[in-house]
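A.B. asks: Here is a sequence with its predicted model. Questions after.
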Amino acid sequence: MIDKIARSVADALADTPDGATVLIGGFGTAGIPGELIDGLIEQGAKDLTVVNNNAGNGDTGLAALLKTERVRKIICSFPRQADSYVFEALYRAGKIELEVVPQGNLAERIRAAGAGIGAFFCPTGYGTDLAQGRETRVINGRPCVLEYPIYGDLALVKAERGDRWGNLTYRKAARNFGPVMATAAKKTVATVHEIVELGALDPEAIVTPGVFVSQVVKIERTVTQAGGFKKAT
């Protein structure tokens, strides 16, 4: 019987190796798999390469992972925001490498990994510092830059509902990078707020089929109230 439900975040992440490339879903703080990031911090893997939309916010989530100084390199589109002080301090101190990728290219490089595409040409970035030393070609009159897929050893995804086969649905904008990252990693771990019986998810509404998911962990939903307090719902 196929049952991908993990007993805990710790169990789901226990075999994460040092040197892994970790794809972390989320667009800013929307859809960020906070519980899985916290679990990765507790697990202790180091020398990581992290792929995310940005380089962390404040002191929690991805920023907390960076603060452990166990991330060797980050690949993202928006490394600097008003509250990206953890990343900025590490970068200025030479403690972390950075690869900046335009956001559309980032999504497509991840999608290409999941789709089995060896490489592709894209006009974004041509004529900028990002294209230095890269192969270029004129296609249909437009100069383009060669881009390679981004593969992951592990993808961390925040979903809304799932079943024991690993089929997933998402909540609105929390969907963002999660679906393409799930296809591009050797192992995908997803959190859900609700585990349903097989057949309860409309096949037409399933965004990430279970074939792309290794383990599912159920977590309690939390909401922020006035004053910054949180409660489970």
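C.D. replies: Cool, got the structure.
A.B. asks: from here on, contacts and neighbour counts on C-alpha atoms
C.D. replies: Will do.
A.B. asks: What does the residue of the chain positioned farthest from its centre show for phi and psi?
C.D. replies: Distance from the C-alpha centroid of the chain peaks at residue 141, with 34.3 Å (CA atoms, centre = their mean). The phi/psi pair for residue 141 (degrees, to the nearest 10) reads phi 80, psi 0.
A.B. asks: Tell me the confidence at residue 74?
C.D. replies: Residue 74 carries a pLDDT score of 98 in this model.
A.B. asks: Who are the packing partners of the helix or strand it falls within?
C.D. replies: Element membership of residue 74, judged by DSSP states H and E, is strand 71-76. Under the contact criterion of 3 or more CA pairs under 8 Å, 6 or more residues apart in numbering; DSSP states H and E, strand 71-76 touches strand 48-51, strand 97-100.
A.B. asks: Pull it out as CSV, backbone CA atoms only.
C.D. replies: Output of strand 71-76 as CSV, limited to C-alpha atoms (Å, rounded to 0.1, in the frame of the first residue of the first chain):
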residue,chain,number,x,y,z
VAL,A,71,24.3,27.6,3.5
ARG,A,72,27.2,27.8,1.1
LYS,A,73,25.3,29.4,-1.8
ILE,A,74,22.0,30.9,-2.6
ILE,A,75,20.4,31.2,-6.0
CYS,A,76,17.6,33.7,-6.1
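A.B. asks: how distant is that strand from the center of its chain?
C.D. replies: 12 Å (CA atoms, centre = their mean, to the nearest Å).
A.B. asks: swap in stretch 1-12?
C.D. replies: 19 Å.
A.B. asks: Kindly report the same for stretch 151-170.
C.D. replies: 11 Å.
A.B. asks: Same check on stretch 53-61?
C.D. replies: 12 Å.
A.B. asks: Same question for stretch 104-122.
C.D. replies: 15 Å.
A.B. asks: quick one, phi psi at the most centrally placed residue in the chain?
C.D. replies: Central residue of the chain (CA atoms, centre = their mean): residue 24, 1.8 Å from the mean position. Main-chain torsions, residue 24, degrees, to the nearest 10: phi -120, psi 120.
A.B. asks: is it true that it touches residue 54?
C.D. replies: No - at 10.0 Å, residue 24 does not count as touching residue 54 under the criterion of CA atoms under 8 Å.
A.B. asks: Where does the prediction get shaky in the protein?
C.D. replies: Along the chain, the parts satisfying pLDDT under 70 run over 223-233.
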